[in-house]
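Visitor: Quick check, what structure comes out for this input:
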Amino acid sequence: MKRFKMFPVVCLFFLGFHFPLAKSNEAASAAEVERLNVVYSSIAGASISTWGPKEAGIYKKYGLDVNLIYVAGSQAIATLISGDAQIVQASGAAAILSRLAGSEVKIVGATINVIPMSLVTTPDINGPQDIKGKTFGVTRFGSLTDLGLQKALSELGLDPAKDVKMIQTGGVPENLLFMQQGIIKGALLSSPTLDKAKELGYRELLNLADIKFRYPGTALVVTDSFIRNRPQTLEKFLKATLEGIKYAKTNPEFTIRILSKYTRTSDTKLLGSAFRTYVLGYIRDVPTITSSEVEAALEEISARNPKAKGLDPKQFYDPTPMEQLAKEGFIKQLYPR
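Guide: Predicted coordinates:
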């Protein structure tokens, strides 16, 4: 596969909006507040599991002063290694590739366990026969859009290493922009960018979420040392994440407003579709991580990286923090049945 590097687009911005909080027995005093830098890697509905708790004040309820930062694609993992962030929401593939390269990052949960994207092309691409020799975009090499594009091409009977060229665009919205500019013929898109592309007449060739490939598409990633040295902080973050997911799912007006703010989209039709597809459809109530999901990711990665072949999935994830919430009764309290 030929890869041509474009100038990377890495957008960093800090969001400091504060909302009044309802009183809670678990509300922390100002003296107990812990500051965290939390990175999200996609401007898409998948990131509502970080945007929601921030905007609803749920992080603060658990004594966390969270600074949200956007870093596109697989570069998000680098912020963990550098110490600039303590928690990252990124693709499981990016975390696994980083650990294969020698880092100490580890997956502690998967908010989405499919690839929540579609392969979209320009209107002149009518099927797999028209793809050979064309240029396609990925946000970053090693990102979910990279692994997902290769999976999509394989599903269509193509050889990703030989049949297409790939370039980096910097982000999912940029994937569409590059198509509009004629730089690439296709890429993976997610809502609301996917819905916008379809409205503009671009062709959806394959919805990867439909192929029943269970995989940590959107993962919560930390370092070994964070798990070891700050278990209580991680527990607070996971509690806030689960509560934020529930709040987002049960308060559509709030969630659509937040989606509009972060995606900079005002089209209510697109936002409604993103809410239904991502928030209600893909994001899991309880973002556990399993050995089989990590094993599936390793199998896909091993096609390009022989180091991944035959490795024990357990070295790439730690289910203990999420399991602890279940043991304490937190999940049952959040979702009584």
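Visitor: Contact partners for the closest residue to residue 290 other than its chain neighbours?
Guide: Leaving out its chain neighbours, the residue that sits closest to residue 290 by Cβ to Cβ, 6 or more residues apart in numbering is residue 319, at 7.4 Å. Every C-beta, even on glycine, is put in place using the N, C-alpha and C of the backbone. Shown in contact with residue 319 (Cβ atoms under 8 Å, 6 or more residues apart in numbering): 108, 288, 289, 290.
Visitor: What is the nearest of these to residue 324?
Guide: residue 108 (10.6 Å; Cβ to Cβ).
Visitor: Go ahead and confirm the closest one touches residue 316.
Guide: No: using Cβ atoms under 8 Å, residue 108 is not in contact with residue 316, being 10.9 Å away.
Visitor: picking up where we left off before, any idea how far residue 123 is from the residue nearest to residue 290?
Guide: Note on residue 319: its distance to residue 123, by Cβ to Cβ, to the nearest Å, is 44 Å.
Visitor: again with residue 108
Guide: Counting by Cβ to Cβ, the gap from residue 108 to residue 123 is 42 Å.
Visitor: Please say which of the two ends up with more neighbours.
Guide: Neighbour totals were compared for residue 108 and residue 123, and residue 108 leads with 24 against 9 (other Cβ atoms under 10 Å).
Visitor: doesn't that one fall inside a helix?
Guide: No: assessed with DSSP: H, G, I helix; E, B strand; the rest coil, residue 108 is strand; it does not lie in a helix.
Visitor: Got phi/psi on residue 318?
Guide: phi -140, psi 110 (degrees, to the nearest 10).
Visitor: show me the contacts for it.
Guide: By Cβ under 8 Å, 6+ apart, residue 318 lies in contact with 106, 107, 108, 227.
Visitor: if we can go back for a sec, can you tell me which of the contacts of residue 319 are buried?
Guide: Buried subset of the contacts of residue 319 (neighbour count, 16 or more other Cβ atoms under 10 Å): 108, 288, 289.
Visitor: The last one: what secondary structure?
Guide: The one in question is residue 289. Taking three-state DSSP as the rule, one finds residue 289 in the coil state.
Visitor: from here on, count from 485
Guide: Got it, first residue is 485 now, which makes that one residue 773.
Visitor: Quick check: the nearest residue to residue 618 once chain neighbours are set aside vs residue 610, distance?
Guide: Of all residues not flanking residue 618 in the chain, residue 669 sits nearest, at 4.1 Å (Cβ to Cβ, 6+ apart). According to Cβ to Cβ, residue 669 and residue 610 sit 12 Å apart.
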